[in-house]
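Trainee: Got a sequence here, can you build the structure:
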Amino acid sequence: QVQLVESGGGLVQAGGSLRLSCAASGRTFSTMAWFRQAPGKEREFVARITWIGGGTNYADSVKGRFTISRVNANTLYLQMNSLKPEDTAVYYCAARVGTTYWGADVAGYKYWGQGTQVTVSS
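Mentor: Numbers count the residues shown, from 1 in each chain. Here you go, the predicted model:
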C-alpha cells in the first residue's frame with residue numbers, strides 16, 4: 001500500500017522560509033514531485049526529482065527560491081525560501097513508478113498525499 005504523507009506547512013511572513021517533507025512508503029518510485037493548489041485555481045506543478053540520478057526541474061515561478069531534494073528512498077523535501085503571498089496554497093507530494101517522467105502534468109503521477117497548507121502573509 002502506497003502512502004505519501006506531507007508535513008511542514010504553516011503560516012509564515014513574506015520573505016520567510018519553510019521546509020516541507022513527504023514521507024513515502026509502499027513502492028520504489030521513479031519520479032517524485034511537488035504540486036500546489038490555491039483556492040479557485042487548478043493544481044499546478046512546482047518541482048520534480050528523479051529518484052535515480054536526482055535530476056530536477058522547477059516551475060518558473062519558484063525557480064531560484066525553492067529546492068527539491070530527496071533523502072534515501074523514503075523522504076522528499078521542498079525547501080521554500082523568499083516566500084511570497086502568491087505562494088499560498090495547499091502543497092501536495094506526488095509520485096509515480098515505472099518510467100521516469102519529465103513532464104509537469106498532474107496526470108503523470110499516480111500517487112498523491114493529502115496535502116499541507118502553506119499560507120504566506122504580506
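Trainee: can you give me the strands for this protein?
Mentor: Per DSSP state E, the chain carries strands over the ranges 3-7, 10-13, 18-25, 31-37, 44-50, 56-58, 66-71, 75-80, 89-96, 111-112, 116-121.
Trainee: Would you mind measuring from Gln1 to Asn72?
Mentor: Per C-beta to C-beta, to the nearest Å, Gln1 is found 19 Å from Asn72. Bear in mind the C-beta positions are built from the backbone N, C-alpha and C, glycine included.
Trainee: Also Gly9?
Mentor: 22 Å.
Trainee: again with Cys22
Mentor: Noted for Cys22: a distance of 12 Å to Asn72, by C-beta to C-beta.
Trainee: more crowded one of these two?
Mentor: Counted by other C-beta atoms under 10 Å, Cys22 and Asn72 do not tie: Cys22 has more neighbours, with 25 against 6.
Trainee: how much space between the more buried one and Gln13?
Mentor: Spatial separation of Cys22 from Gln13 under the definition C-beta to C-beta is 24 Å.
Trainee: and if you look at Ala104?
Mentor: Ala104 sits 29 Å away from Gln13, taking C-beta to C-beta as the criterion.
Trainee: ok, now Val71?
Mentor: Shown here: Val71 relative to Gln13, a distance of 28 Å by C-beta to C-beta.
Trainee: Check Gly115 too.
Mentor: 22 Å.
Trainee: just wondering, since we're on the residue nearest the centre of the chain, how far is it from Glu42?
Mentor: Geometric centre of the chain, nearest residue: Trp34, 1.9 Å, by C-alpha atoms, centre = their mean. Between Trp34 and Glu42 the computed distance is 15 Å (C-beta to C-beta).
Trainee: Kindly report the same for Gln114.
Mentor: 18 Å.
Trainee: So if I had to pick from these two, which one is more boxed in?
Mentor: When Gln114 and Glu42 are compared for neighbours, Gln114 comes out ahead with 11 against 8, by other C-beta under 10 Å.
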